[in-house]
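>>> Here's a sequence, model it:
(chains A and B)
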Amino acid sequence: MDADAFSVEAAGVRQHESAWRRLRRNWSVRIGGSVLVLLVAIALAAPLLGTVDPTLFDAGSRDLRPGMTGQITTLDGDTIPHRFLMGSDSFGRDIYSRVIYGARVSLSVGLLVALLALAFGISAGLGAGYLRWLDGVLMRFMDGLMAIPGILVAIALVALWRGSLTTVVIAIAIPEIPRVTRLVRSLVLSIREEPYVEAAVSLGTPTWKIMFGHILPNTIAPLIVQGTYICASAILLESILSFLGVGLPPDIPTWGNIMAEGRVQFNEYPHNVFFPGLFLAVTVLAVNILGDGLRDTLDPKMARRV
Amino acid sequence: MSAVLEVRDLSVALPAGGDRRRAVERVSFNVERGEIVCLVGESGSGKSVIAQALMGLLPPALPVTGGSILLEGEDVVKLRPERLRELRATRMSMVFQEPMTALNPVMTCGAQIDEVLRQHTRLAPGERRAKILDIVHEVALPDPERIVASYPHQLSGGQRQRIVIAMALVLEPVLLIADEPTTALDVTTQAQILKLIQELQARHGMGVLFITHDFGVVAEIAHRVAVLRLGEMVELGAKIEVLMRPQHFYTRMLIAAVPKVHPQGRSADASAPLVLETRGLSKTYVDRGWFSGRRAVNAADDVTLEVRRGQTLGIVGESGSGKSTVARCIVRLIDPSGGQIRLGGEDIATRSRAALRPLRRKVQIVFQDPYRSLNPRRTVGEAIIEGPRNYGLSRREALERARRLMELVRMDPGVLNRYPHQFSGGQRQRICIARALAMEPELLIADEAVSALDVSVQAQVLALFEEIRARLNLAMLFITHDLRVAAQVCDYVAVMSHGRIVEQGPALQVFGGPRHEYTRALFAAAPGRDFAFGAG
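Model (predicted):
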């Protein structure tokens, strides 16, 4: 070691900042993350935010403009006064309550789709990338999956199983899986050539340990970033499906449902479409900004790859 | 005085949080007309920063904080960007290390030279064309018409570098800055490019600032030498003075670290037990296209060699000679297409992965790139105990062994819980050696294991390999493109070219009287081979 003191190199050792610290300093992560945390908090605390049951309606409170006070009938048949912050729809339901509860659906769909697509995509991508005999078969299957339009898959599944959260999540996740698989496969193909993987082979490390212990951890950063993009597009797609009437059933409030129902009266009562649309846009924007921030801090090379 | 370039007290700042305050600290030197000045230093010494400063190409994070750079009396530091753009290519130009990335892959070589002419001159198309063919001819490229019409990928590395040089010289600048222009090239190509630069320099009488880390190259080409260390110039003088009678302790240390080109001549015991023996080993890559026919490339062809306990066999050759293919076949990272690999009498060439497992531990390998040889997400302790744990050693015992090995490779056993990025290249290479030794191998393969290291670190790691071989009585297979390194550590040498061993024998014999034509060409190309460093 003493001789190393002479070397220029010894002086050149740098302390790297931890990824976590870099993340906290990034403005995109801060802004996107804060907005998202706020939205999650709103979704969780929905019953405490002056909302009523989003399925309640009152014939006397139809088509109220935002801020007007009217009444609403509870399930027990009592009629209580209620202030409609975002107005009411043509059934006399409270748009505010529906939008706030709708956040639960949108955020769950985003998160679940991302997790599902990543879980399947990682397994398939690791297999295809590291086990060469699996590659041809698996990737041709994925190519086939990619050739089917996503909306068509969704419509088919909903027709088959009728609309529910599970159906919608699966329907949206399926077209994402081949994309994740391709990304993971390309990452694995480059990482498997790294000398540290070859060193592990020569150390007699079993194949499964190399795949999960050496290769998988080094794909995580780009996958987290990809996950946020999937999440954002899933939220958007769920709204589109619900808007088209092939998503969740109309009795569950989602941003897409609310907009679909408000569409007819858009000229007279634009608030029916405006408020859910605003929430949708802000949510997707926040997730995408967060994703960009994560990409810049965790994986600078990713910008060129995706 | 006809100084083309005068650098006075040049200082360049480093961004906050760097390992030192200034990238370059009050550096002064001149380049006279018709003179080659070599700027030598290890990585991080600031030599490339100086080159960028001269061209006015420093990134905003590295501002010039003091001093002046006078190019024929004009201060580059204070020039307006437009004037600077005019000076580049017309008065000073630069040749970079990597000829492939310095050229635009989608433009023909002729068009790229033409671009320089169109930017800076008002010549008619016909005149430009004549000038382009002239300069291509001058850099000794065969068939200029064809070369001018080719794309960079159609040329070899040496030819590409000639094109880059042609681009740099087409407007007859007074100063040529060459930043490690031969580092990415093979030794025989390097010799040609060095000769070319010398010839062109003599013919045009320009000043050349040649940046390199290689003292062999310095000995070959320099008139004067400036030695940099951590951004400061520690020594400046005539080549003979600096190389033969270095004054500063750092220069002396660097020059002492340059491996000698003549082998030490250890007497190797020819009756020591055989550890590895390959017979007719070959690896053929077959390319079967859908539409094209079958194309086969012999990466290794009929390679027969043996390594005995306690001895080192060096495989030397240029890139693409198949030396790494042989190593990777022996470790069975790739499967050989034919021949035998006998390890302690057992043939492992065709064993299945499962049947190979018990034998894996006998052969270990250390790779070239210390930055990619360790998993960035695992501590060095985890890296070293991975192998022993695979073979059933308990975690406690494995860690105990790891600590002993860290001491053996001269590292502090207390750093086992750190991550690879906290270590320098040389330290990482020591860790990789410890990881390989943790398997208690009989054969250690070093695949260009010191090629990525600075010369002073290289000397230390080479000494470590020597010590380990002697202490553990290991058989070693040392793969290198560097003849000096091979001369320093090998008992036997095998010279490879185009997948075949063209000559092999005791190091003294091969280095003393090479018989094969290729070996002789290779030795003749080694830069600074006749120079006795520090002999004064």
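
>>> Could you pull up the mean pLDDT of whichever strand or helix holds B:Arg146?
In this assignment (DSSP states H and E), B:Arg146 forms part of helix B:144-148. On average, the pLDDT along helix B:144-148 is 91.

>>> Over to stretch B:398-411?
Stretch B:398-411 carries an average pLDDT of 93.

>>> mind listing what the spatially most central residue of chain A touches?
Geometric centre of chain A, nearest residue: A:Cys231, 1.6 Å, by Cα atoms, centre = their mean. Counting by Cβ atoms under 8 Å, 6 or more residues apart in numbering or on different chains, A:Cys231 touches A:Gly110, A:Leu111, A:Val113, A:Ala114, A:Val287. Glycine gets a C-beta too; all of them are placed from N, C-alpha and C.

>>> immediately after the helix holding B:Arg146, which helix or strand?
That would be, after helix B:144-148 and using DSSP H and E, helix B:157-169.

>>> Only alpha carbons, please: show that next one as CSV.
The C-alpha coordinates for helix B:157-169 follow below in CSV (Å, rounded to 0.1, in the frame of the first residue of the first chain):
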residue,chain,number,x,y,z
GLY,B,157,-7.8,1.5,-37.4
GLY,B,158,-4.5,2.7,-38.6
GLN,B,159,-6.0,4.0,-41.9
ARG,B,160,-8.6,5.8,-40.0
GLN,B,161,-6.0,7.5,-37.9
ARG,B,162,-4.2,8.5,-41.0
ILE,B,163,-7.4,10.1,-42.3
VAL,B,164,-7.8,12.0,-39.0
ILE,B,165,-4.2,13.2,-39.4
ALA,B,166,-4.9,14.2,-43.0
MET,B,167,-7.9,16.3,-41.8
ALA,B,168,-5.7,17.9,-39.2
LEU,B,169,-2.9,18.8,-41.6
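
>>> Identify the residues contacting it?
So helix B:157-169 is in contact with B:89, B:93-96, B:99-100, B:102-103, B:109, B:112-113, B:116, B:135-136, B:138-141, B:147, B:152, B:155, B:176, B:181-182, B:184-186, B:189, B:192-193, B:196-197, B:200, B:204, going by Cβ under 8 Å, 6+ apart.

>>> switch the cut-off to 7 Å
For helix B:157-169, contacts defined as Cβ atoms under 7 Å, 6 or more residues apart in numbering or on different chains pick out B:93-96, B:99-100, B:102-103, B:109, B:112-113, B:116, B:135-136, B:139-141, B:152, B:155, B:176, B:181, B:184-185, B:189, B:192-193, B:196, B:200.

>>> Would you pull up how far that helix lies from the middle of the chain?
19 Å (Cα atoms, centre = their mean, to the nearest Å).

>>> go on, stretch A:265-279?
24 Å.

>>> same thing with stretch A:222-242?
Taking Cα atoms, centre = their mean, the mean C-alpha location of stretch A:222-242 is offset from the chain mean by 4 Å.

>>> Over to stretch B:471-478?
In terms of Cα atoms, centre = their mean, the centre of stretch B:471-478 is found 24 Å from the chain centre.

>>> same deal with stretch B:108-124?
Remark: stretch B:108-124 is offset 32 Å from the chain centroid, using Cα atoms, centre = their mean.

>>> Could you pull up the mean pLDDT of it?
For stretch B:108-124, the per-residue pLDDT averages 92.

>>> can you pull the contacts of the closest residue to B:Val4 other than its chain neighbours?
Nearest residue to B:Val4 in three dimensions, chain neighbours excluded: B:Gly207, at 3.9 Å (Cβ to Cβ, 6 or more residues apart in numbering or on different chains). Each residue near B:Gly207 by Cβ under 7 Å, 6+ apart is listed here: B:Val4, B:Leu5, B:Val31, B:Glu32, B:Arg33, B:Gly34, B:Glu35, B:Val174, B:Leu175.
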